[in-house]
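In: what follows is a predicted structure for the sequence shown.
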Amino acid sequence: MQHQLLAIMPELMLIATAVVILLVDPLLPVDGRRGLSWLGIAASLTAAYATWISRGEEFTAFSHGIALDKYSVFFKILLLVVAAMAMLLSEKHLFLKRHLLGDYYGLVLFTTVGMMIMVEAIDLITFFVGLELMALTVYLLAGFFRYQERSIEAALKYFLGGAFASNFMLFGMAILYGLSGSTNYQEISDAVRLGPAPAGPLAIAVVLILAGFAFKVSAVPFHNWAPDVYQGSPTPAAAFLSVGPKIAGFAAILKFFTLILGSQSGTWVPMMIALSLATMLVGATMALLQKDLKRMLAYSSIGHVGYLLLAVVATGHTGRNLGMAAILFYLAAYAFMNMGAFGVLVFMANRRPGFRDTLDDMAGLARRYPWAAAIMSLFMLSLTGVPPTAGFLAKFYLFSAVVDSGFAWLAVIGALFSLVSAFFYLRVIIYMYMREPETELVESGAGLEAGKSWDLDLGLAIAAGGVILLGILPAPVVNAAQDAVVKLLGN
Amino acid sequence: MTPLQEYLALAVALFFIGAWGVLARRNLILVVMCVELMLNAINISLVAYSNYSPTGGGRGEVFVFFVFALAAAEAAIGLAIAIAMYRLKQRLTIDDLDEMKG
């Protein structure tokens, strides 16, 4: 029994800290609440350390509800780092917008627990609980500025779409249970591969589950919520929910479609190819039309989901682990560059009260804030996939895996879309360095002082450091990713 | 004994009535109710599958308890959003919040 609780020690730490934050928050004076973000960050990092020291162990706990292996360790540490970065980016912004509530950090921690459970689950029920814990808390994060119409609109759209999509996925899972008589991944897999599961209902279950996942990671045609939600949410929350749920979603997609439905790849690979092509197309073309940077980043993240789906196709088609390891590395790179890009928007919003997240507002940034402009350029180059950044290697590994699986034409299409995407990423750099602002934004000395915060700067530095390190010294993360996927595919 | 197909037919019918409601209704409270209806349709299918399963009896019922808990939490969040929206708009028509497009 003791052994089992040890298995979820990191999750228990986060839950305990979140509860403490929620209880202590109302007792503290407004200024004292700012320390709560540090409590949350400390909890995430401690949990990451606890996960790290258990990396050698492999066992299942809670009657085969969760599996602790290198795969879950990789994703849990990544998610905990993302959560810590999200809290670093948030504190000052919430203070300036007068929404300084400990609830925010509690919600971030609960979301992280949900994502961690999704990643390590090997049972439909456990997975479902993790998924919903993540989903319900991110709706609240999207609507955290509850006196702003846009924030509530974001929460409403996210909630309605998310609940609808979850229901379809849940129905698919119910059918899987009905066909296999079990909720355990391995037993379902055996029943699906060997058993007399009729093809028709099985295909329906696959379609329903795929549709649910497509919504969670914002793949076309279930992507409509993403731009509205990112635009309307508080910017630091948008940074978190454009990264965390996607990482957890892809971790779960890989487990679902290789572990459970690996034998059915004939059914889902063609669907996944169609999804991926549509997702890359919409991501690249719609991003060109955006003036609002948060919407632009939303479509950009849709494009990245398209590339990631290509690698899922490669994994499903060959059953080899090259594509899967590429996805793990890509998600790590994506986490740093995307959080960093949103982080610079938080930085600007803190410094300039009238900042509207538009491209025009970025004009002339390099003159005012040379450092911010420099690292924004770094993130944009990495998102484009220019060496020596993390984004380049991530795309390189990913497209090589796709070519290796025999889908060279898909890799070519992916590379073409990535070329199109260069246009809107580089446009941000051009605006920052070569355009003069149309109206000089007035910044009083006092306002500038108030906008400074070293924790936001630290968060940006970590993101930039991650992008550069993964681009120059990728070996540790690549090796970890390769180790992580070995057992899952059994080869 | 009623065959499994009849339970499933009921579940599918309820599920799509709920789905239609989510898409067609404009009042937030009614939409949240329709989401709950979809979840209950899934519960019926889970219990039916569990009852007819040669091996996995019991698991479906356990699943249903978790779905209940989720449904309660989801209703709480949906109504919290409804309250926040009502404070801003004095209305609960979901089309009212349509500022962002493009």
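Out: Here it is on my side, so go on.
In: ok, now which ones touch A:Ser158?
Out: I think there's a mix-up here, since residue A:158 is Tyr and not Ser. A:138-139, A:142-143, A:225, A:229 (Cβ atoms under 8 Å, 6 or more residues apart in numbering or on different chains). Where you see a C-beta, it was placed from the backbone N, CA and C, and this is true even at glycine.
In: quick check: phi and psi at it.
Out: Main-chain dihedrals, A:Tyr158, degrees, to the nearest 10: phi -60, psi -40.
In: can you tell me how far it is from A:Ala248?
Out: 16 Å (Cβ to Cβ, to the nearest Å).
In: A:Tyr105 now?
Out: 19 Å.
In: name the element the residue nearest to A:Ala121 when sequence neighbours are not counted belongs to?
Out: Counting by Cβ to Cβ, 6 or more residues apart in numbering or on different chains, the nearest residue to A:Ala121 once its immediate chain neighbours are dropped is A:Phe127, at 3.7 Å. Assigned by DSSP states H and E, A:Phe127 falls within helix A:124-142.
In: what is that helix packed up against?
Out: helix A:103-120, helix A:149-180, helix A:235-241, helix A:244-254, helix B:59-89 (3 or more Cβ pairs under 8 Å, 6 or more residues apart in numbering or on different chains; DSSP states H and E).
In: right, and these - which one's nearest A:Gly40?
Out: helix A:103-120 (3.9 Å; Cβ to Cβ).
In: name the residues of the closest one that are buried.
Out: Under the neighbour-count criterion of 16 or more other Cβ atoms under 10 Å in any protein chain shown, helix A:103-120 has A:103-120 buried.
In: tell me the mean pLDDT for the helix holding A:Phe127?
Out: What helix A:124-142 shows for mean pLDDT is 96.
In: and if you look at stretch B:21-35?
Out: Here the average pLDDT along stretch B:21-35 is 93.
In: alpha carbons of that stretch, in CSV - could you do that?
Out: The C-alpha coordinates for stretch B:21-35 follow below in CSV (Å, rounded to 0.1, in the frame of the first residue of the first chain):
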residue,chain,number,x,y,z
GLY,B,21,-29.5,20.3,-27.8
VAL,B,22,-26.0,21.5,-27.3
LEU,B,23,-25.8,22.7,-30.9
ALA,B,24,-29.3,24.2,-31.2
ARG,B,25,-30.1,25.7,-27.8
ARG,B,26,-29.0,29.2,-27.2
ASN,B,27,-29.5,29.4,-23.4
LEU,B,28,-26.4,28.5,-21.5
ILE,B,29,-28.3,26.6,-18.7
LEU,B,30,-30.2,24.5,-21.3
VAL,B,31,-26.9,23.7,-23.1
VAL,B,32,-25.3,22.6,-19.8
MET,B,33,-28.4,20.4,-19.3
CYS,B,34,-27.9,18.8,-22.7
VAL,B,35,-24.3,18.1,-22.0
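In: distance from it to the middle of the chain?
Out: Offset of stretch B:21-35 from its chain centre (Cα atoms, centre = their mean, to the nearest Å): 10 Å.
In: looking at chain A, which helix or strand is least sure?
Out: One helix or strand of chain A scores below all others by mean pLDDT, DSSP states H and E: helix A:445-451, with a mean of 66.
In: which elements pack onto the helix or strand following that one?
Out: Following helix A:445-451 in sequence order, the next helix or strand is helix A:454-472 (DSSP H and E). Secondary-structure packing of helix A:454-472 (3+ Cβ pairs under 8 Å, 6+ apart): helix A:70-96, helix A:322-351, helix A:370-384, helix A:390-404.
In: now for the ones you listed, which one comes closest to chain B?
Out: helix A:322-351 (16.0 Å; Cβ to the nearest Cβ).
In: and that closest one with helix A:390-404, angle?
Out: Using axes from the mean of the first three to the mean of the last three Cα atoms, to 10 degrees, the direction of helix A:322-351 lies 150 degrees away from that of helix A:390-404.
In: so which bits of helix A:322-351 are buried?
Out: Buried, per 16+ other Cβ under 10 Å, within helix A:322-351: A:322-351.
In: chain center to the helix holding A:Phe127, what's the gap?
Out: For helix A:124-142, the distance to the chain centre is 14 Å (Cα atoms, centre = their mean).
In: now swap in stretch A:65-85 and tell me
Out: 12 Å.
In: for residue 50, what are its contacts?
Out: You didn't pick a chain, so chain A it is. With Cβ under 8 Å, 6+ apart, A:Ala50 has these contacts: A:9-10, A:13.
In: try again with chain B
Out: The contact partners of B:Ser50, taken as Cβ under 8 Å, 6+ apart, are A:177, B:56-61.
In: and it, what element?
Out: helix B:28-52.
In: what's the angle between that helix and helix B:59-89?
Out: 180 degrees.
In: quick check: buried residues in helix B:28-52?
Out: Here helix B:28-52 shows B:28, B:31-50, B:52 as buried, counting by 16+ other Cβ under 10 Å.
In: just stretch A:36-47 next, same as before
Out: Buried-residue list, stretch A:36-47, by 16+ other Cβ under 10 Å: A:36-37, A:39-41, A:43-44, A:46-47.
In: related to what we said a few turns ago, mark which of the contacts of A:Ala50 are buried, thanks.
Out: A:10, A:13.
In: hang on, the earlier thing: what's the closest of the helices and strands packed on helix A:124-142 to A:Gly212?
Out: Comparing those by Cβ to Cβ, helix A:149-180 comes nearest, at 2.5 Å.
In: starting at the chain centroid, how far to the closest one?
Out: 18 Å.
In: again, but for stretch A:182-200
Out: The answer for stretch A:182-200 is 30 Å, by Cα atoms, centre = their mean.
In: over that stretch, what's the mean pLDDT, rounded is fine.
Out: 84.
In: thinking again about what came up before, in a markdown table, list the helices and strands packed on helix A:454-472 along with mean pLDDT.
Out: Shown next, in a markdown table, are the helices and strands packed on helix A:454-472 (pLDDT from 0 to 100):
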| stretch | mean pLDDT |
| --- | --- |
| helix A:70-96 | 93 |
| helix A:322-351 | 94 |
| helix A:370-384 | 95 |
| helix A:390-404 | 95 |
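In: which one, of these, ends up nearest to A:Glu149?
Out: Closest among these, once you apply Cβ to Cβ, is helix A:322-351, at 17.4 Å.
In: okay, the angle between the closest one and helix A:454-472?
Out: 150 degrees.
In: need the next SSE after helix A:322-351, C-terminal direction.
Out: helix A:365-368.
In: could you list the buried residues of that next one?
Out: Neighbour count says helix A:365-368 has A:365-366, A:368 buried, by 16+ other Cβ under 10 Å.
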